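Colleague: Just the structure for this:
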Amino acid sequence: MPYVRIWVHLIWSTKNREPYLLGEIGSRVKNHIIENADKKDIHLDCINGSTDHLHALISLKADQSISKVAQLLKGESSHWVNEQNLSRLKFEWQDEYFALSVAESEIGAVREYIRNQEEHHRKKSYSEEYTEFMKKYGFDILQKATKV
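Modeller: Numbers count the residues shown, from 1 in each chain. Sure, this is the predicted structure:
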């Protein structure tokens, strides 16, 4: 039996960053993602976000990939939102997402960051956070390189 401990901070947004996750809808979507993760044997440590995006802390198992876990969480939840008619418009997630490795020593700080998303986004919009992540983790350089 392999022993694997790979922590990932996964961040994804609604299509065009529409504020679909307001109030009760946001709570229902997060609760559904938690239930679905459990059914799919995905170790979802915590999840939270704002009106237009979510953050999740996930511990990958030996047979799981980041792309498959992201697909299972995002795809199934968007299907569920539409099936439940929680949105007047067709609900979709952006195709892109951030997946950041998290050191064991940083788990507590990342949990706290995820749990305090409401407070965090009173000071900084998701667009600002997105730009910050792009620069901080070098994604802006990768993005420019793929366009050349």
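
Colleague: Now Ile11: closest residue in space that isn't a chain neighbour?
Modeller: Using CB to CB, 6 or more residues apart in numbering and skipping the chain neighbours, the partner closest in space to Ile11 is Phe98 (4.2 Å). Using the backbone N, CA and C atoms, a C-beta is placed for each residue, glycine as well.

Colleague: What's opposite the residue nearest in space to the middle of the chain in the beta bridge?
Modeller: Among the residues of the chain, Ile11 comes closest to the average C-alpha position under CA atoms, centre = their mean, at 3.1 Å. Applying DSSP bridges to Ile11 gives these bridge partners: His55, Phe98.

Colleague: what's around Leu89, how many residues?
Modeller: When neighbours are counted by other CB atoms under 10 Å, Leu89 registers 9.

Colleague: ok so it is a helix residue?
Modeller: No - applying DSSP: H, G, I helix; E, B strand; the rest coil, one finds Leu89 to be coil, outside a helix.
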